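Asker: I'd like to go over a predicted model; first the sequence, then the structure.
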Amino acid sequence: MTEPLLRIEDLRVDIASRERTVHALDGISLELAPGEALGIVGESGCGKTMTALSVLGLLPPGGAVTGGRVMFDGRDLAAAPAPVLQDVRGNSIGMVFQDPLTSLNPTMTVGAQVAEPLVLHRPELSRKEAWTRAEEMLRLVGMPQPAERMKAYPHQLSGGMRQRVAIAMALVCEPKLLIADEPTTALDVTTQHQILELIDGLRERLGMAMILVTHDLGVIANRVDRVAVMYAGKVAEESDVRGLFARPRHRYTEALFASLPERAADSGSALHTIPGLPPNLAARPTGCRFAPRCTFATDECRTREPRLADDDVRGGEHRFACFHPVPDDASEAEVVVPPAVPAPRAPGDVLVALDSLVKEFPLKGGAFSRRRGTVSAVGGVSLEIRRGETFGMVGESGCGKTTLGRIVAGLEEPTAGVVRFEGHDPARMSRAERRAHRRRVQLMFQDSTAAMDPRMRVGEILREPLVIQGVGSRADQEKLIAELLDAVGLPRGAVRRYPHEFSGGQRQRLGLARALTLSPDLVVADEPVSALDVSVQAQILNLMRELQRERGLTYLFISHDLAVVRHLADTVGVMYLGKLVESGPAEQVYAQPLHPYTRGLLDTVNLPDPRAAEGLDRTPLEGETPSAAKPPSGCRFRTRCPMAQEVCATTEPPVSTPNSAGHQVACHFPLSAPRLASAV
Amino acid sequence: MTGFLVKRFLQALVVLFLVSVIVFTLLHLLPGGPARAILGPKGTPQQIEHFNHQQGYDRSLPEQYLMYLKRLFTGDLGESFKLNSPVFDLLKQRLPKTLLLTVLSTALAVIIAVPLGLLQAVRRGKASDYALTGLAFLLYATPVFFLGLIMIILFAQVLPILPAEAPQGESVGELLGDFTGLVLPVVTMAFGIVAMFSRYMRSAVLDNLTEEYVRTAMAKGQSSRRIMVRHVLRNALIPLATLLGLYLPTLFSGALVVESMFNYPGMGLLFWNAAQGSDFPVLLGVTLVVGVATVVGSLLTDILYAVLDPRIRSVA
Amino acid sequence: MSTATADVTPGAAPGNEAAAQATPSLARRTLRVFTGNKLALTGVVVLLLLLAFSYLGPLLHPTEQVHTDLSQANLAPGGSGHLLGTTDLGYDMVGRLMVAGQTSLEIGLAAGLLATLFGTVYGAVAGYFGGWVDAAMMRITDAALAIPAMFLLVVVAAIITPSKGVLIVIIASVAWLSPARLVRGEALSLRDREYVQAMRMMGGGGARAVFKHIVPNAIGTVIVNCTFQIADAILYVSYLAFLGLSIPPPSADWGSMLSAGITYTQNGYWWLIFPPGIAIVLVVAAFNFIGDGLRDAFEVRLRK
């Protein structure tokens, strides 16, 4: 290895708040060669972001480096005075943050913000030269009409364009190192892909090194040379990317991979899960930090701390800190096989039928302004959900999937069209019938924190549906709640605590318990796992599946995550800009997508396996989703469709079933070639 | 922005209408009704009856309201029976002086409060922050006239360096000519609002400091001072425009007290003297004008805010 | 940014024994944060002292506060057995401050509470119904706010002869506007919270939304605002007195004592000016400190 560009040596960082001090980083050592791309991956709280921030001395209030060095260009940045750090920041190290909206100054023009690093670090440039260079940089990051955009403000740009601005800002001084902290987490799949491609291209062009911090194993698998897996403030394993994915050695890495829905043997089996939660970093745990959650842990693991050591076969290329690593000769599927789940019941009769459902929202433009319009959130959707199945609805943000779910759940009234439950339209029911009908459909929210009254104890929250519906005596209610807590795997004592005292995964368990108190037929779950870490996500998905089998539940499962839907759903619907473009049995839709959008979406997804992506002929989606206030005529996808013809602009595509009766597509020119089966 | 402005303008019109209704109602709440208010306490019952018939005060209330509005639009606000002069003329003379006092003291308050709030935010949690916060609360808790009294005792009696009485003069120019006389009224009124503004600045700067764009600015390699000036201050100052609009009524109330205290020849003093002498045409005329001034003023500050904040400027 | 602290809630893991213990109630934790705030505690202490001074004081220090004795007028503090001297009508200053304190506190508390009560109901109705009802109700408050409170108070007080009850009502009649706006904003935002939506999903109606979810979650804001309202009401009483509109003697409040003292600024009778002035500053500041401390306490609870 050449002289490293960046060398982090035994870095320790504490974050002090009023109540306690968290040892966020506890002896991190990493190296990065010039031009190299290092990925740092781990779940929330593992310290990956703190590592990135401490390189530039950008720790949050209360954060301080308590030990170790950050050597960059012969200088220790951890001990450097402010002027030295200011000279490095934005000049030889550029940084891109997660949320492109909040990380830009809302009241400064894009141009002024992109030119700012030049003003600071290239004093020899005149204002005009700096402005011209900033404009060139915008062109380089793929901003259309850069001259005009220079004068725009961040809120006038889409999320993807804002992130391009952030990248331009980080790279305008042509740094030697780019640190990207979850740069695509806030973006849609297709935008995410475009941004990652952009970073790849620029990195090659400028010959710079990169640290990519992410929780997303799919992103990390395809974009970096080396990966460091972090757990509880330490590096658990470090390797070149192919070696890591092909042969993880640390038991945590192994378990993390196994939790991925993409890795599940098939959609009939449960996911591998990691029990429990990461340790509390306010107290320094003894022994291996993963030991309490590890199936292979021994007394040694619990008392002695494993050191990061070289792999016996691959040497320094692959290092890990584990006393009982995955054996060298083990095959990939050595992971403990999760228990098989009972076979799904045969799909029943139609429970819910949507008939030409339309929802339009008025566009806010002031009570008397003339530019009033409507946003077409749902543009005529018809579908059927059968009793006992999981209907997975996928699509990017703004496609109308959430609105659709809220209409089915009865939280919104459709502008036109009907939702029928077993043939009955709730809109035509009497008040009493409607109230009783409420019991049959419940909603599970993405953010259970927001969905639970912060002033109520859990017991009261869970009892509320029963009280409203007047079900049983108080004793009956409490008994039912205790049973529900057992069913979702929470202690019965939880009833006396407040929602904020639980972790994200536990709150989703509570959310599920509350949705089930009234024994509904249908649960509408809107992105129930998207805020969770992979290992916790697997727990919730398994729980949902288990409860479905036990209680004969029907799910309308709404998600942007194709892999999660693939794992859980029996039937899949794909929405684009308010339209249902394709629907059918999950295996069929994924193996042989009929709509170019579905195909593009599947091709865009980052597979958490560096090898899987290679054999595929992938044509990712390009462009951005148009505004729902002015949807394109005819087929709404035509503006991004590689196969669009004249007819697509004039006529709305009819629904056809070229493949099999249950597999519908709304396209003038449905695809015929099957997609390679190994994908998601 | 036009959408926002049109909406805001129509709102202001509705509010103006309601203000006129409130003042009209007050007129009818007076003991003896408008006749007593206009003829004064000396009017005999016969005079009042005659007056009521002549002026249409025996007609229905909506009709009377329309007549009232009509008179307002011709600038007829009644006549002061103490000063024997049309209220409109009195106001024309006094309003600019009150505006002068208000503008000067607001400007002074902003000049003091902005750096003070900034300082508190930067020193958050330190002794100086606590001391200034405590002081701001004490200042807020001090009635303006008590503050003025302390000023007079300190600077006109103990250290006789400033006059205790405001300059007297026919025009704004004359007032400005006697600058030393303006000091105490302006400073007193400014202190009354410094507490509110510095409190706002402190929390606005603190809020902005936690924003992620500040971290981005740091990642570019800027010094804390530059970030404060170029990024934070600017974003914290823009909403101050709206705050000014919200505090207009408070400002006018303060002017009323300060003018009475220092015998400053503005609208507040006119109003105060009218209250002492139950000069109802003046009282209601001033109330209406102050209400209109507040509505127009807050409309202007909202427009200013929309011009300053690109997020509102470019929407629709 | 909060990645370092996420998901490490101690003792919250499933099956953990600690989870079986109930956690302290919200009220108790709010109190703990409040008592940790030094300024707020100072406010409480000052307020208690002023209350004791006004109500218990006359028992320990009985003085003549009805009949005037001009022979004893304007005596300087210290000598003549009057700790703070006497007023222009010959009342003992200390005793006068006690009696006046009762009036100021009573009017302030009553007017502040009345304004909060009315404003809260008004704002909750506007916020809960929304739409045109809200627009109409809010334009009315805009108009009432556009006329500066002091001007309105003076006009009203010029029409009606002040008494304690009248002062309470007219101060409340201008002070209700700010809680009305505040509560309306709260109601508008709480109405759309996901937990209210979740309750609707279960078939719950409007009454439950209001009384079980919206009111309990808005109550903190209302309580905080109420302490500020009381402070402002006490200030209003003093302003009205300054403008010549107070309850006629032999009644007194701190504001009217201060105004009476202003007449003697030129004579150097400082004891007529500073004691009532300082009393007003102290009580208003105390309520503000308390309100500020309460706001922090309520916020901390919801943030954590």
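Answerer: Thanks, I have it.

Asker: Any idea how many residues pack against residue C:264?
Answerer: 16 (other Cβ atoms under 10 Å in any protein chain shown). Backbone N, C-alpha and C define where each C-beta goes, glycine included.

Asker: my bad, should have said residue A:316
Answerer: For residue A:316, using other Cβ under 10 Å, the count is 10.

Asker: Next up, phi/psi of the residue nearest to it when sequence neighbours are not counted, please.
Answerer: Spatially, and ignoring its direct neighbours in sequence, residue A:316 is nearest to residue A:310 (5.2 Å; Cβ to Cβ, 6 or more residues apart in numbering or on different chains). Per-residue torsions, residue A:310: phi -70, psi 150 (degrees, to the nearest 10).

Asker: Let me know whether residue A:310 touches residue A:321 as I believe.
Answerer: No - proximity of residue A:310 to residue A:321 does not meet the contact threshold set by Cβ atoms under 8 Å, at 11.1 Å.

Asker: Compare those two (neighbour count), which wins?
Answerer: When residue A:310 and residue A:321 are compared on other Cβ under 10 Å, the one with more neighbours turns out to be residue A:321, at 22 against 12.

Asker: these two touch, right, the more buried one and residue A:231?
Answerer: No - proximity of residue A:321 to residue A:231 does not meet the contact threshold set by Cβ under 8 Å, at 9.1 Å.

Asker: quick revisit: can you tell me which residues contact the residue nearest to residue A:316?
Answerer: Under the criterion of Cβ atoms under 8 Å, 6 or more residues apart in numbering or on different chains, the neighbours of residue A:310 are A:316, A:318-319.

Asker: same check, this time on residue B:20
Answerer: For residue B:20, the contacting residues are B:68-69, B:72, B:288, by Cβ under 8 Å, 6+ apart.

Asker: do residue C:114 as well
Answerer: Contacts for residue C:114 (Cβ under 8 Å, 6+ apart) come out as C:168-169, C:172, C:176.

Asker: can you give me the strands in the stretch 1-150 of chain B?
Answerer: Assigned by DSSP state E, counting those that start in this stretch, the stretch 1-150 of chain B shows strands spanning B:79-80, B:85-86.

Asker: if I pick the residue in the stretch 51-200 of chain C that chain A sits nearest to, what's in contact with it?
Answerer: Of all residues in the stretch 51-200 of chain C, the one sitting closest to chain A is residue C:194 (4.1 Å; Cβ to the nearest Cβ). Contacts of residue C:194 were listed using Cβ under 8 Å, 6+ apart, and they are A:445, A:447, A:450-451.

Asker: which helices and strands does the helix or strand in which residue A:202 is found pack with?
Answerer: If you go by DSSP states H and E, residue A:202 is part of helix A:189-206. Using 3 or more Cβ pairs under 8 Å, 6 or more residues apart in numbering or on different chains; DSSP states H and E as the contact criterion, the secondary-structure elements in contact with helix A:189-206 are helix A:159-171, strand A:177-181, helix A:217-223, helix A:596-604.

Asker: And the residue nearest to residue A:528 when sequence neighbours are not counted, its phi and psi?
Answerer: Take residue A:528 and drop its neighbours on the chain: the residue closest to it by Cβ to Cβ, 6+ apart is residue A:444, 5.0 Å away. Note on residue A:444: its backbone torsions stand at phi -110, psi 120 [degrees, to the nearest 10].

Asker: can you tell me how far the nearest residue in space to residue A:54 that is not next to it in sequence sits from chain B?
Answerer: With Cβ to Cβ, 6+ apart as the measure, residue A:13 is the residue that lies nearest to residue A:54, at 5.4 Å, once sequence neighbours are left out. With distances taken as Cβ to the nearest Cβ, to the nearest Å, residue A:13 is found 16 Å from chain B.

Asker: so how far is the helix or strand residue A:13 falls within off the chain centroid?
Answerer: Residue A:13 belongs to strand A:6-16 when assigned by DSSP H and E. When C-alpha coordinates are averaged (Cα atoms, centre = their mean, to the nearest Å), strand A:6-16 and its chain have centres 27 Å apart.

Asker: orientation of it relative to strand A:177-181 in degrees?
Answerer: With axes from the mean of the first three to the mean of the last three Cα atoms, to 10 degrees applied, the angle from strand A:6-16 to strand A:177-181 works out at 40 degrees.

Asker: for strand A:6-16, packing partners?
Answerer: Contacts of strand A:6-16 with other secondary structure elements, assessed using 3+ Cβ pairs under 8 Å, 6+ apart, are made with strand A:21-32, helix A:48-55, strand A:63-72.

Asker: any idea which of those is most buried?
Answerer: Across the helices and strands packed on strand A:6-16, averaging neighbours per residue (mean count of other Cβ atoms under 10 Å in any protein chain shown) puts helix A:48-55 on top, at a mean of 26.

Asker: Flag every residue of the stretch 151-300 of chain C that's near chain A.
Answerer: Selection of the stretch 151-300 of chain C residues close to chain A by Cβ under 8 Å from any Cβ of the partner chain yields C:193-195, C:197-204, C:208, C:212-213, C:216-217.

Asker: counting residues per helix, which one in chain C is longest?
Answerer: Here the longest helix in chain C is taken by residue count, with DSSP state H as the criterion, and it is helix C:93-129.
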